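K.L.:
test case, fold it:
(chains A and B)
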Number of protein chains: 2
Amino acid sequence: MTRDQILSAAVEVLRRYGPAKATVVDVARALKVSHGSVYRHFPSKAALREAVMERWLRESHTLLDAVMAGDGPADVRLRDWLATLFAAKRKKALDDEELFATYMALLGDASEVIEQHIDHLLGQLREIISDGVARGEFAVQDPAATARAVFDASLRFHSPVHAADWGRAEIDEEFDALCVLILDGVRAR
Amino acid sequence: MTRDQILSAAVEVLRRYGPAKATVVDVARALKVSHGSVYRHFPSKAALREAVMERWLRESHTLLDAVMAGDGPADVRLRDWLATLFAAKRKKALDDEELFATYMALLGDASEVIEQHIDHLLGQLREIISDGVARGEFAVQDPAATARAVFDASLRFHSPVHAADWGRAEIDEEFDALCVLILDGVRAR
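P.N.:
Numbers count the residues shown, from 1 in each chain, chains lettered A, B, ... in the order given. All right, here's what the predicted structure looks like:
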C-alpha cells in the first residue's frame, strides 16, 4: 500500500463524512487494512490531513512549472502564470464544491503546508520578474517585494476566500483588467 | 428618539448579545422605550441590522471624502485614498475585535448595503483615475475598468476577509510595495 493510495482514500473519506467526522479508522476501513498500516505512513490524523492538503495544493504546481519552463517574453510568462493559477484554483472550486468546502474547513489546521505553498508561488513570481529585469523588459527596484505585490494584487483570483466571486459573469473581464494594471506596473518604460 | 440613537443602542446590544441572540426587544429595553417605537423607525430586525451595517461602512466615507476634496497630483491622491481606506478598515478590525466579528457575521445578510458601499468606493477611484488622465498624469484605456482593477488589487488591504493579516509585522511594507505596483501601473509614460 503506497502513501498515495492512502491519500486518495483519505480524500474520499473526507468527502463522504466531512472533516469533522472523518477518522483514520474510516480511511483504514475504506482500504480494507488495519489502522496500524495507515499510522505507519502517517503518525496522526493531523499528519494525514496535512498530507492531503499538501497533495491538493501541489496539483496546481505541475501546470505552473510548465509555464516556468517557457522562455518567451517575461510579460507573456507573467500573464500566463497568473491565468494558469486562477484557472487551476477556479477548476478546483467549481468542479467539486463539496470537496472544496472540505479543504476550506481544513485550511486553519494546515498553516505550515499553506505557507510552503505560498513560498513556492512567490519564488516562481520572483524568478519571472528577475528574468524580466535581466532582459530589460521589466523595471522594478526589488523583485522579491514586487513578487509579493503581484501575489497580493491577484489575491481575488487565487485565494480560496474569494471563490464565491469566481462564477460571476464579469470575472474574466475583471481578471483581464487586473493583468493590464499589473503588467503596466512592472514593464520597463 | 432619533434614528441615530436607535442605531447606537443596536450596536451595543449586538456587542453584548452577539448577532444570533440580539433582538429588537433588547434594543427597545436598552433605550427604555416600547419595541413599537423602534419598529416605527425600522420595520424589521433585518432593516435595523442593515442600517447598523450601513452606518458602520459609512464611517470610513468621511475620511475618504476629505482625500477626494484635495487637488494635488492624482498619484498622491490615489495613494492617500488607498492608505486612508486601509487605515480605516484596520482601525475597525483591531480596535474592537469583538464588534468587528459581529459585523463579519452580519455581512452575508447585508449584501445590498455592501454593494452600495463598494459602488461608492469604485466611483471615487474612477474619479481620481479620470482626473489623472485629464491632467495627463495617468494613462489608462478605461477608467472604470481600471478603478475595478485597483480595487481588486488592493483587496488584501481593505476586504475584511483579510483582516487576520493586518496585524502582521510586514504588512505596512507589503502595502507600500503594492502601492508602487499600482501607481506604476496607471502612470503616464
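K.L.:
could you measure from residue A:27 over to chain B?
P.N.:
As for residue A:27, its distance to chain B is 31 Å (criterion: CB to the nearest CB, to the nearest Å). Using the backbone N, CA and C atoms, a C-beta is placed for each residue, glycine as well.
K.L.:
same question for residue A:66.
P.N.:
Counting by CB to the nearest CB, the gap from residue A:66 to chain B is 26 Å.
K.L.:
ok, now residue A:57?
P.N.:
As for residue A:57, its distance to chain B is 19 Å (criterion: CB to the nearest CB).
K.L.:
the helices in chain A, which residues?
P.N.:
Remark: helices assigned in chain A by DSSP state H are A:3-21, A:24-31, A:35-41, A:45-69, A:74-95, A:97-106, A:111-134, A:143-153, A:171-186.
K.L.:
buried stuff in the fourth one?
P.N.:
By that I understand helix A:45-69. A:45, A:48-57, A:60, A:64, A:67-68 (16 or more other CB atoms under 10 Å in any protein chain shown).
K.L.:
which one of these is nearest residue A:98?
P.N.:
If you rank the buried residues of helix A:45-69 by distance to residue A:98 using CB to CB, residue A:56 comes first, at 13.8 Å.
K.L.:
I'd like the distance between the closest one and residue A:50.
P.N.:
Between residue A:56 and residue A:50 the computed distance is 11 Å (CB to CB, to the nearest Å).
K.L.:
got the domain ranges for chain A?
P.N.:
A:1-43, A:53-186 (automatic domain parsing).
K.L.:
can you give me the end-to-end distance of the first one?
P.N.:
The distance separating the two terminal residues of domain A:1-43, taken as CA to CA, to the nearest Å, comes to 16 Å.
K.L.:
where does the residue nearest to residue A:160 when sequence neighbours are not counted land on pLDDT?
P.N.:
Nearest non-adjacent residue to residue A:160, counting by CB to CB, 6 or more residues apart in numbering or on different chains: residue A:104, 5.9 Å away. Per-residue confidence (pLDDT) for residue A:104: 84.
K.L.:
ok, for the residue nearest the centre of chain A, nearest residue in space, not its chain neighbours?
P.N.:
By CA atoms, centre = their mean, chain A has its centre lying nearest to residue A:57, at 4.4 Å. Once flanking residues are discounted, residue A:57 sits nearest to residue A:117: 4.3 Å by CB to CB, 6+ apart.
K.L.:
can you give me the neighbour number for whichever residue of chain A sits closest to chain B?
P.N.:
Evaluated by CB to the nearest CB, chain A has residue A:185 as its residue closest to chain B, separated by 3.4 Å. For residue A:185, the neighbour count with other CB atoms under 10 Å in any protein chain shown is 23.
K.L.:
verify the contact between it and residue B:179 for me.
P.N.:
No: assessed by CB atoms under 8 Å, residue A:185 is found out of contact with residue B:179, at 10.3 Å.
K.L.:
my read: the residue nearest to residue A:57 touches residue A:59, true?
P.N.:
No: using CB under 8 Å, residue A:117 is not in contact with residue A:59, being 10.8 Å away.
K.L.:
what does the helix or strand of chain A with the lowest mean pLDDT rub up against?
P.N.:
Every helix and strand of chain A was ranked by mean pLDDT, DSSP states H and E. The lowest is helix A:97-106, at a mean of 82. Helix A:97-106 is contacted from outside by A:11, A:14-15, A:18-20, A:49, A:52-53, A:56, A:92-93, A:160, A:163, using CB atoms under 8 Å, 6 or more residues apart in numbering or on different chains.
K.L.:
in stretch A:24-38, what counts as buried?
P.N.:
Quick answer for stretch A:24-38 (16+ other CB under 10 Å): A:24, A:26, A:27, A:28, A:30, A:31, A:33, A:38.
K.L.:
max pairwise distance over those residues: which two?
P.N.:
The widest separation within the buried residues of stretch A:24-38 (CB to CB) is 12.0 Å, between A:26 and A:33.
K.L.:
which pLDDT value goes with residue A:59?
P.N.:
So residue A:59 comes in at 82 (pLDDT).
K.L.:
who touches it in this structure?
P.N.:
By CB under 8 Å, 6+ apart, the contact list for residue A:59 reads A:88, A:92.
K.L.:
tell me which parts of chain A are close to chain B?
P.N.:
Within chain A, the positions lying close to chain B (CB under 8 Å from any CB of the partner chain) are A:141-142, A:145-146, A:148-150, A:152-157, A:161-162, A:173-174, A:177-178, A:180-186, A:189.
K.L.:
what about residue A:144, how many neighbours?
P.N.:
Applying other CB under 10 Å, I find that residue A:144 has 15 neighbouring residues.
K.L.:
do the same with residue A:176
P.N.:
When neighbours are counted by other CB under 10 Å, residue A:176 registers 14.
K.L.:
ditto for the one 10 residues further on
P.N.:
Using other CB under 10 Å as the criterion, residue A:186 is surrounded by 24 other residues.
K.L.:
state the distance from it to residue B:129.
P.N.:
19 Å.
K.L.:
before we move on, what about residue A:94?
P.N.:
The gap separating residue A:94 from residue B:129 is 32 Å, by CB to CB.
K.L.:
neighbour count: those two, which is higher?
P.N.:
Set residue A:94 next to residue B:129 and count neighbours by other CB under 10 Å: residue B:129 wins out with 25 against 12.
K.L.:
give me the distance between that one and residue B:156.
P.N.:
20 Å.
K.L.:
again with residue A:141
P.N.:
Residue A:141 is 20 Å from residue B:156, by CB to CB.
K.L.:
residue A:124 too?
P.N.:
For residue A:124 relative to residue B:156 (CB to CB), the value is 19 Å.
K.L.:
again with residue A:146
P.N.:
For residue A:146, the distance to residue B:156 - CB to CB - is 15 Å.
K.L.:
compare the two and say which is more crowded by neighbours.
P.N.:
Neighbour comparison, residue A:146 and residue B:156: the larger count goes to residue A:146, with 27 against 21 (by other CB under 10 Å).
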